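A.B. asks: could you look at this predicted model? Sequence included:
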Amino acid sequence: MKGGGHLLGETAGQFFSEGFAAEMQQACQGKDWKAVRQLSKKMAQASKASPKDVCMSEKLAEQQASTGARLDYSDRGDAQAMRTDSFTFEGGILVRIHLVYSVPIANIEGYNPKSFSELYAGLQEAYGPPSKSYSEPVLDVYGVRYEARHAVWLGKQDVISIIEHPGKEGRTEIIAETVSEYERAAQAPKNKNPLQ
(Lines give C-alpha, C1' and ligand atoms only; values in the text may rest on other atoms or scores of the structure.)
Protein backbone atom coordinates (compact mmCIF):
# COMPACT_ATOMS: atom_id res chain seq x y z
CA MET A 1 0.00 0.00 0.00
CA LYS A 2 1.28 3.42 -0.93
CA GLY A 3 -0.06 6.46 0.89
CA GLY A 4 1.14 10.02 1.24
CA GLY A 5 3.89 9.19 -1.28
CA HIS A 6 5.34 6.38 0.85
CA LEU A 7 5.17 2.59 0.85
CA LEU A 8 4.26 0.55 3.87
CA GLY A 9 7.41 -1.39 4.86
CA GLU A 10 9.93 1.12 3.52
CA THR A 11 12.93 1.93 5.68
CA ALA A 12 13.28 5.16 7.63
CA GLY A 13 16.26 5.98 5.37
CA GLN A 14 14.07 5.72 2.27
CA PHE A 15 11.29 7.73 3.90
CA PHE A 16 13.49 10.65 4.94
CA SER A 17 15.29 10.78 1.56
CA GLU A 18 12.19 11.68 -0.47
CA GLY A 19 9.07 13.83 -0.44
CA PHE A 20 8.34 16.38 2.27
CA ALA A 21 10.95 15.05 4.71
CA ALA A 22 13.69 15.39 2.06
CA GLU A 23 12.55 18.93 1.16
CA MET A 24 12.68 19.92 4.81
CA GLN A 25 16.09 18.28 5.25
CA GLN A 26 17.50 20.15 2.23
CA ALA A 27 16.17 23.47 3.49
CA CYS A 28 17.66 22.81 6.94
CA GLN A 29 21.06 21.74 5.59
CA GLY A 30 21.18 24.82 3.37
CA LYS A 31 20.09 27.02 6.28
CA ASP A 32 17.27 28.34 4.09
CA TRP A 33 15.18 29.55 7.01
CA LYS A 34 12.53 31.10 4.76
CA ALA A 35 11.92 27.72 3.09
CA VAL A 36 11.85 25.98 6.48
CA ARG A 37 9.21 28.47 7.69
CA GLN A 38 7.09 27.94 4.57
CA LEU A 39 7.36 24.16 4.74
CA SER A 40 6.52 24.09 8.45
CA LYS A 41 3.43 26.26 7.84
CA LYS A 42 2.12 23.56 5.51
CA MET A 43 2.50 20.82 8.11
CA ALA A 44 -0.59 19.23 9.64
CA GLN A 45 0.28 20.58 13.08
CA ALA A 46 1.88 23.87 12.12
CA SER A 47 3.94 25.24 14.96
CA LYS A 48 5.24 28.64 15.87
CA ALA A 49 8.69 27.19 16.57
CA SER A 50 11.74 28.90 15.14
CA PRO A 51 13.16 27.42 11.91
CA LYS A 52 16.22 26.17 13.81
CA ASP A 53 13.97 24.35 16.30
CA VAL A 54 11.97 22.85 13.43
CA CYS A 55 15.21 21.59 11.87
CA MET A 56 16.38 20.11 15.17
CA SER A 57 13.02 18.37 15.55
CA GLU A 58 13.20 16.96 12.00
CA LYS A 59 16.76 15.71 12.55
CA LEU A 60 15.76 14.09 15.84
CA ALA A 61 12.76 12.40 14.18
CA GLU A 62 14.98 10.96 11.45
CA GLN A 63 17.53 9.72 14.00
CA GLN A 64 14.87 8.10 16.19
CA ALA A 65 13.16 6.39 13.25
CA SER A 66 16.49 5.19 11.82
CA THR A 67 17.72 3.74 15.12
CA GLY A 68 14.57 1.66 15.54
CA ALA A 69 12.66 3.70 18.11
CA ARG A 70 8.88 3.88 17.76
CA LEU A 71 8.04 7.22 16.20
CA ASP A 72 4.92 8.99 14.98
CA TYR A 73 5.71 11.54 12.27
CA SER A 74 3.35 14.01 10.55
CA ASP A 75 3.93 15.88 7.34
CA ARG A 76 2.01 18.41 5.28
CA GLY A 77 -0.37 15.97 3.57
CA ASP A 78 -2.32 17.35 0.62
CA ALA A 79 -4.00 20.71 1.19
CA GLN A 80 -6.02 20.59 -2.04
CA ALA A 81 -7.53 17.20 -1.12
CA MET A 82 -7.90 18.45 2.49
CA ARG A 83 -5.80 15.50 3.70
CA THR A 84 -3.35 15.22 6.58
CA ASP A 85 -0.80 12.42 6.74
CA SER A 86 0.93 10.74 9.64
CA PHE A 87 3.31 7.81 9.69
CA THR A 88 4.48 5.38 12.37
CA PHE A 89 7.91 3.76 12.44
CA GLU A 90 8.95 0.75 14.48
CA GLY A 91 12.31 -0.98 14.20
CA GLY A 92 13.42 1.42 11.43
CA ILE A 93 10.48 0.42 9.20
CA LEU A 94 7.31 2.29 8.21
CA VAL A 95 4.58 0.18 9.86
CA ARG A 96 1.57 2.50 9.63
CA ILE A 97 0.26 5.13 7.22
CA HIS A 98 -2.68 7.21 8.47
CA LEU A 99 -4.45 9.52 6.02
CA VAL A 100 -7.27 11.77 7.26
CA TYR A 101 -9.55 13.43 4.69
CA SER A 102 -11.62 16.33 6.04
CA VAL A 103 -15.17 16.65 4.73
CA PRO A 104 -16.24 20.31 4.73
CA ILE A 105 -19.89 21.27 5.05
CA ALA A 106 -19.70 23.66 2.08
CA ASN A 107 -17.72 23.66 -1.15
CA ILE A 108 -14.50 25.61 -0.90
CA GLU A 109 -13.03 27.04 -4.10
CA GLY A 110 -9.65 25.57 -5.02
CA TYR A 111 -10.10 22.47 -2.86
CA ASN A 112 -11.10 19.00 -3.96
CA PRO A 113 -12.03 17.03 -0.82
CA LYS A 114 -12.75 13.31 -1.16
CA SER A 115 -15.88 11.70 0.25
CA PHE A 116 -16.03 8.32 1.96
CA SER A 117 -17.81 6.88 -1.10
CA GLU A 118 -15.08 8.08 -3.50
CA LEU A 119 -12.29 6.77 -1.30
CA TYR A 120 -14.06 3.45 -0.70
CA ALA A 121 -14.63 3.00 -4.46
CA GLY A 122 -10.92 3.66 -5.11
CA LEU A 123 -9.84 1.11 -2.52
CA GLN A 124 -12.31 -1.44 -3.84
CA GLU A 125 -11.02 -0.92 -7.38
CA ALA A 126 -7.42 -1.38 -6.22
CA TYR A 127 -7.89 -4.25 -3.74
CA GLY A 128 -11.22 -5.87 -4.61
CA PRO A 129 -14.09 -6.33 -2.19
CA PRO A 130 -13.22 -5.76 1.47
CA SER A 131 -12.69 -8.70 3.82
CA LYS A 132 -15.35 -7.18 6.05
CA SER A 133 -17.53 -4.10 6.06
CA TYR A 134 -20.10 -2.85 8.52
CA SER A 135 -21.87 0.21 9.89
CA GLU A 136 -22.20 1.28 13.49
CA PRO A 137 -24.26 4.01 15.14
CA VAL A 138 -22.32 6.98 16.51
CA LEU A 139 -23.30 10.21 18.22
CA ASP A 140 -21.74 13.58 17.53
CA VAL A 141 -21.02 16.19 20.23
CA TYR A 142 -24.63 17.46 19.91
CA GLY A 143 -26.14 14.00 20.37
CA VAL A 144 -27.12 13.61 16.70
CA ARG A 145 -27.03 9.96 15.65
CA TYR A 146 -25.24 8.86 12.46
CA GLU A 147 -24.32 5.55 10.84
CA ALA A 148 -20.55 5.34 10.42
CA ARG A 149 -19.33 2.98 7.71
CA HIS A 150 -16.17 0.87 8.07
CA ALA A 151 -14.39 -1.52 5.71
CA VAL A 152 -11.25 -3.63 6.18
CA TRP A 153 -9.03 -5.41 3.65
CA LEU A 154 -6.99 -8.13 5.37
CA GLY A 155 -3.84 -9.17 3.51
CA LYS A 156 -1.07 -11.59 4.41
CA GLN A 157 1.35 -8.80 5.33
CA ASP A 158 -0.79 -5.70 5.71
CA VAL A 159 -4.25 -4.44 6.58
CA ILE A 160 -6.10 -1.49 5.06
CA SER A 161 -9.03 0.12 6.87
CA ILE A 162 -11.36 2.93 5.90
CA ILE A 163 -13.43 4.57 8.63
CA GLU A 164 -16.14 7.17 8.18
CA HIS A 165 -16.69 9.84 10.84
CA PRO A 166 -19.94 11.52 9.72
CA GLY A 167 -21.34 14.73 11.08
CA LYS A 168 -20.68 18.44 11.15
CA GLU A 169 -16.89 18.05 11.38
CA GLY A 170 -16.83 14.87 9.33
CA ARG A 171 -13.76 13.09 8.09
CA THR A 172 -12.69 9.82 6.55
CA GLU A 173 -9.63 7.92 7.72
CA ILE A 174 -7.63 5.44 5.69
CA ILE A 175 -5.15 3.40 7.67
CA ALA A 176 -2.64 1.04 6.09
CA GLU A 177 -0.58 -0.96 8.56
CA THR A 178 1.36 -4.15 8.94
CA VAL A 179 -0.52 -7.13 10.36
CA SER A 180 1.48 -6.89 13.60
CA GLU A 181 0.64 -3.18 13.95
CA TYR A 182 -3.05 -3.94 13.30
CA GLU A 183 -3.03 -6.65 15.97
CA ARG A 184 -1.24 -4.32 18.40
CA ALA A 185 -3.92 -1.63 17.89
CA ALA A 186 -6.70 -4.21 18.29
CA GLN A 187 -5.29 -5.24 21.69
CA ALA A 188 -4.96 -1.66 22.96
CA PRO A 189 -7.68 -0.58 25.44
CA LYS A 190 -10.45 1.39 23.75
CA ASN A 191 -11.57 4.77 25.06
CA LYS A 192 -15.23 4.72 25.93
CA ASN A 193 -17.40 7.37 24.24
CA PRO A 194 -18.62 9.67 27.07
CA LEU A 195 -21.76 10.51 25.06
CA GLN A 196 -23.01 6.92 24.97
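C.D. replies: Happy to help now that I have it. All of these numbers come straight from a predicted model, not from anything done at the bench. Residues are numbered from 1 along each chain as shown.

A.B. asks: strands along this structure, start to end?
C.D. replies: Listed from the start of the chain, the chain has strands (DSSP state E) covering 2-3, 6-7, 71-78, 83-90, 93-102, 132-139, 145-154, 158-165, 171-178.

A.B. asks: of all those, which lies closest to Cys28?
C.D. replies: strand 71-78 (14.3 Å; C-beta to C-beta). (Each C-beta comes from the backbone N, C-alpha and C, glycine too.)

A.B. asks: still on that earlier bit, pick out the shakiest of the strands of the chain, pLDDT-wise.
C.D. replies: Across the strands of the chain, the stretch with the lowest average pLDDT is strand 2-3; it has a mean of 78.

A.B. asks: sheet partners, orientation included, of that one?
C.D. replies: Sheet pairing here is set by DSSP bridges, and for strand 2-3 it gives strand 6-7 (antiparallel).

A.B. asks: JSON lines for the strands of the chain, including mean neighbour count?
C.D. replies: Shown next, in JSON lines, are those (neighbours: other C-beta atoms under 10 Å):
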{"stretch": "strand 2-3", "mean neighbour count": "15"}
{"stretch": "strand 6-7", "mean neighbour count": "17"}
{"stretch": "strand 71-78", "mean neighbour count": "18"}
{"stretch": "strand 83-90", "mean neighbour count": "21"}
{"stretch": "strand 93-102", "mean neighbour count": "21"}
{"stretch": "strand 132-139", "mean neighbour count": "12"}
{"stretch": "strand 145-154", "mean neighbour count": "16"}
{"stretch": "strand 158-165", "mean neighbour count": "21"}
{"stretch": "strand 171-178", "mean neighbour count": "22"}
